[in-house]
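Undergrad: make a model of this:
(one chain, ligands or ions: 1)
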Amino acid sequence: MKKIAKKMKKLAIKGPSLTVKWALASSFFIFVVFTIFAVFTYKTTSNLMIGRERNNLAKTMDQLVDRLSVSESELTYLSAIHQLTEVNTYMPNNSASQNNPENQTSPDNQTDPENQNSQDSQSSQSSSNADSNLPEYNSFVSDLSQPELSVYVYNRSGKLIFNSQGEALELAATQKKEPTIVTRQDKTGFITVVPIYSQKAKNLVGYGQAFYDLSPFFEIQERLLTTLIILEVISLLLSSVLGFFLSSYFLKPVKVLRDTMDTIRRDPQSMVKAPVLNTHDELADLSEIFNEMMERMRRYIEQQEQFVQDVSHELRTPVAIIEGHLKLLDRWGKDDPEVLEESLSASLQEISRMKMLVQEMLDLSRAEQVDIQYYDKTSEAKEVVHQIYHNFELLYPDFKFTLDDELDQEETVAIYRNHFEQMMIIILDNAVKYSTKRKEVHISMDKGTRYLELAIQDFGEGIPKDEVEKIFNRFYRVDKARSRNQGGNGLGLAIAKQLIDNYKGKIHAESVLGYGTVFRIFLPIVPKKEIDS
Ligand code: ADP
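TA: Numbers count the residues shown, from 1 in each chain. Presented below is the predicted three-dimensional model:
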């Protein structure tokens, strides 16, 4: 017993419960979704920000080149400062000569009235141009004053001649170098190099180099990452807790169902039922199906138990009778031929009754399996009924049988011929058996919309009203002693009903005590179309 109890306990705990699995699965799903979202956000934001910084740097470098390329000779500290800071003289991609400091300081230009005039007009033009370029100039100057940006100008030989932030930096390359990320004195940022060619003379005048410190950007990136990780952890915790509560709530009926099953497993006699759920979902269906199934199984078990009880009860009487006769023979029968003969014939009679009982029980058990083996078998109604009618006429010549056949043509019924005959014989046998004075049996046959309607009427002893429904039960006999005398075991009608039910037909009895009984049978007709096809 202890072992069984242990085994049962072991069966109950088999790894994590469904609730835990559900909670874990939902958390994992949310974790994956959130991670994808976080990585996407992080990457996109970083790329966008870094792209913007790169563009700004490239733009600043373009302006630097624009300003410095007006110089025709190699850049010097003075010329670089002048070009980078002078507002009036800066006109990008325009009249390089006017922007050239050498040109402006030339005394020839100052004394030449034509030049003077032209310079006046150009000066006013350049001032108006300066006005229109003011925002650009301002943006350039403010770009230069950014703490993150360090701009360097070198002469042709790579010597540093201008430095916007004070900290010196060597020229990184003599070729054009697109903004690339490097680490310099524990600072990471973009570095870019542009060789500067004179706009006019097209010769190399120097190099521009810029370093853009990306530390603030990395700081923002780090903060974004920390925020996303914190959010991910919070969402993971929340989803686990929520998943656990939700799954506990939704799986509650499953647990109750499992407990119900477990109770039934431990105690098969238990009458517990699964709860009726009003959720109208699959679990409600499951609960309902389980209850129905259990109900059917209980009924089936009850029937089986009843059947075994009834059979043993039915067998007890003939066995007791035979035993009595054998004892009688043992005591006196050996010498008394009269007792011997009487006892032997009585015993033989009981044995033949037992044989019949066994045969009927076998028939009943076969009748229960009809729908599996004979579901597509059919028989011809007229043929079977007429044949049985003639057989009974021959078998019981003292009885008056009448057949009222209303069928215009042969009808096919969905029942295996042997079973049709067996069922008819059981009812006609009863009609003969339970007829008293009036030895008459009427058979009628007609066609309804879907069923063949058969009626078998006798004018015998009849059945009390409250017992009419019970005569189809196994081993039920209205008058046990009388029925037994007539050789009945109370199984005939149970077999007939089982057969008819299996073929989706119907049977019922109407009876008036002392006047007789009518059995009405309905058998499904096979439509002509189906037979042809
Ligand atoms: P049995 O083998 O005892 O006849 P059945 O199952 O055929 O068993 O019938 C059950 C009981 O129904 C019978 O014992 C009898 O009391 C009653 N019965 C059946 N048919 C008739 C009938 N035609 N007239 C009166 N009683 C009947």
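Undergrad: C-alpha from now on. contacts and neighbour counts both.
TA: Noted.
Undergrad: show the contacting residues for Val385.
TA: Glu421 (C-alpha atoms under 8 Å, 6 or more residues apart in numbering).
Undergrad: that one: what secondary structure?
TA: Per DSSP: H, G, I helix; E, B strand; the rest coil, the local secondary structure of Val385 is helix.
Undergrad: same question, the one 4 residues further on
TA: Recorded secondary structure, Tyr389: helix (three-state DSSP).
Undergrad: residues contacting it?
TA: Going by C-alpha under 8 Å, 6+ apart, the list of residues near Tyr389 reads Phe401, Leu403.
Undergrad: show residues contacting the helix or strand harbouring Thr263.
TA: Thr263 belongs to helix 252-266 when elements are defined using DSSP states H and E. The list of residues contacting helix 252-266 from outside it, by C-alpha under 8 Å, 6+ apart, reads Ser270, Met271, Val272, Lys273, Ala274, Pro275, Leu277, Leu283, Ser287.
Undergrad: ok, stretch 55-66 next?
TA: By C-alpha under 8 Å, 6+ apart, stretch 55-66 touches Leu84, Pro92, Asn93, Phe140, Asp143, Pro179, Val194, Ile196, Gly208, Ala210, Tyr212.
Undergrad: buried residues in stretch 492-510?
TA: Neighbour-count burial for stretch 492-510, counted by 16 or more other C-alpha atoms under 10 Å, picks out 492-503, 505-507, 509.
Undergrad: near the ligand, anything from that stretch?
TA: Yes. Applying C-alpha under 6 Å from any ligand atom, one finds stretch 492-510 in contact with the ligand at Gly492, Leu493, Ala494.
Undergrad: pull the CA atoms of that stretch into PDB?
TA: Extracted C-alpha coordinates of stretch 492-510, given in PDB (Å, rounded to 0.1, in the frame of the first residue of the first chain):
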ATOM      1  CA  GLY A 492     -35.400 -11.500 -25.600                       C
ATOM      2  CA  LEU A 493     -36.700  -8.000 -25.700                       C
ATOM      3  CA  ALA A 494     -33.400  -6.600 -24.400                       C
ATOM      4  CA  ILE A 495     -31.700  -8.200 -27.500                       C
ATOM      5  CA  ALA A 496     -34.400  -7.000 -29.900                       C
ATOM      6  CA  LYS A 497     -34.200  -3.400 -28.600                       C
ATOM      7  CA  GLN A 498     -30.400  -3.400 -28.700                       C
ATOM      8  CA  LEU A 499     -30.500  -4.600 -32.300                       C
ATOM      9  CA  ILE A 500     -33.100  -2.000 -33.400                       C
ATOM     10  CA  ASP A 501     -31.200   0.800 -31.500                       C
ATOM     11  CA  ASN A 502     -28.000  -0.100 -33.200                       C
ATOM     12  CA  TYR A 503     -29.700   0.300 -36.700                       C
ATOM     13  CA  LYS A 504     -31.100   3.700 -35.600                       C
ATOM     14  CA  GLY A 505     -34.600   2.300 -35.500                       C
ATOM     15  CA  LYS A 506     -37.200   2.500 -32.700                       C
ATOM     16  CA  ILE A 507     -39.400   0.100 -30.800                       C
ATOM     17  CA  HIS A 508     -42.100   0.600 -28.200                       C
ATOM     18  CA  ALA A 509     -45.000  -1.400 -26.700                       C
ATOM     19  CA  GLU A 510     -48.600  -0.600 -26.000                       C
END
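Undergrad: begin at 45 from now on, thanks
TA: Yep, numbering from 45; the last one is stretch 536-554 now.
Undergrad: can you pull out the low-pLDDT segments for the stretch 145-294 of the chain?
TA: 145-183, 210 (pLDDT under 70).
Undergrad: for it, just list every one of the helices.
TA: 145-149, 151-155, 157-188, 259-294 (DSSP state H, counting those that start in this stretch).
Undergrad: quick one on the thing from earlier: only the buried subset of the contacts of stretch 99-110, as a PyMOL command please.
TA: Per 16+ other C-alpha under 10 Å, the buried members of the contacts of stretch 99-110 correspond to this PyMOL selection:
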select buried, resi 128+136+184+187+223+238+240+252+254+256
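Undergrad: and the contacts of stretch 99-110, which two are the farthest apart?
TA: Spatial extent of the contacts of stretch 99-110 (C-alpha to C-alpha) is set by the pair Asn137 and Tyr256 at 25.5 Å.
Undergrad: for Gln313, grab phi and psi.
TA: Backbone torsions for Gln313, taken as degrees, to the nearest 10, come to phi -80, psi -10.
Undergrad: next, count neighbours for it.
TA: The burial count assigned to Gln313 is 10, neighbours taken as other C-alpha atoms under 10 Å.
Undergrad: same question for Arg461.
TA: 17.
Undergrad: contacts only, for the closest residue to it other than its chain neighbours.
TA: Distance criterion C-alpha to C-alpha, 6 or more residues apart in numbering; nearest residue to Arg461, sequence neighbours excluded, is Ser423 at 5.1 Å. Ser423 makes contact with Thr456, Val457, Ala458, Ile459, Tyr460, Arg461, Phe464 under the criterion C-alpha under 8 Å, 6+ apart.
Undergrad: for the nearest residue to the third one once chain neighbours are set aside, what are its contacts?
TA: Spatial nearest neighbour of Ala458, chain neighbours left out: Thr422 (4.5 Å); criterion: C-alpha to C-alpha, 6+ apart. Neighbouring residues of Thr422 by C-alpha under 8 Å, 6+ apart: Thr456, Val457, Ala458, Ile459, Tyr460, Arg461.
Undergrad: list the contacts of the residue nearest to Val457 when sequence neighbours are not counted.
TA: The shortest distance from Val457 to any non-neighbouring residue, by C-alpha to C-alpha, 6+ apart, is to Ile569 (4.4 Å). Counting by C-alpha under 8 Å, 6+ apart, Ile569 touches Glu455, Thr456, Val457, Ala458, Arg494, Tyr495, Leu496.
Undergrad: let me know whether the fifth one touches Phe566 as I believe.
TA: What that stands for is Arg494. No. If you go by C-alpha atoms under 8 Å, Arg494 and Phe566 don't touch, sitting 9.1 Å apart.
Undergrad: ok, back up a step: now intersect the buried residues of stretch 536-554 with the helices, please.
TA: Secondary structure assignment by DSSP state H places Gly536, Leu537, Ala538, Ile539, Ala540, Lys541, Gln542, Leu543, Ile544, Asp545, Asn546 of the buried residues of stretch 536-554 in helices.
Undergrad: what mean pLDDT does the helix or strand containing Gln348 have?
TA: Per DSSP H and E: Gln348 is located in helix 326-372. Per-region confidence: helix 326-372 scores 86 on mean pLDDT.
Undergrad: now for that helix, which elements pack on it?
TA: Judged by 3 or more C-alpha pairs under 8 Å, 6 or more residues apart in numbering; DSSP states H and E, the packing partners of helix 326-372 are helix 296-310, helix 381-411.
Undergrad: for the nearest residue to Leu268 once chain neighbours are set aside, report the pLDDT, please.
TA: Spatial nearest neighbour of Leu268, chain neighbours left out: Tyr86 (7.2 Å); criterion: C-alpha to C-alpha, 6+ apart. Tyr86 is assigned 90 on the pLDDT scale.
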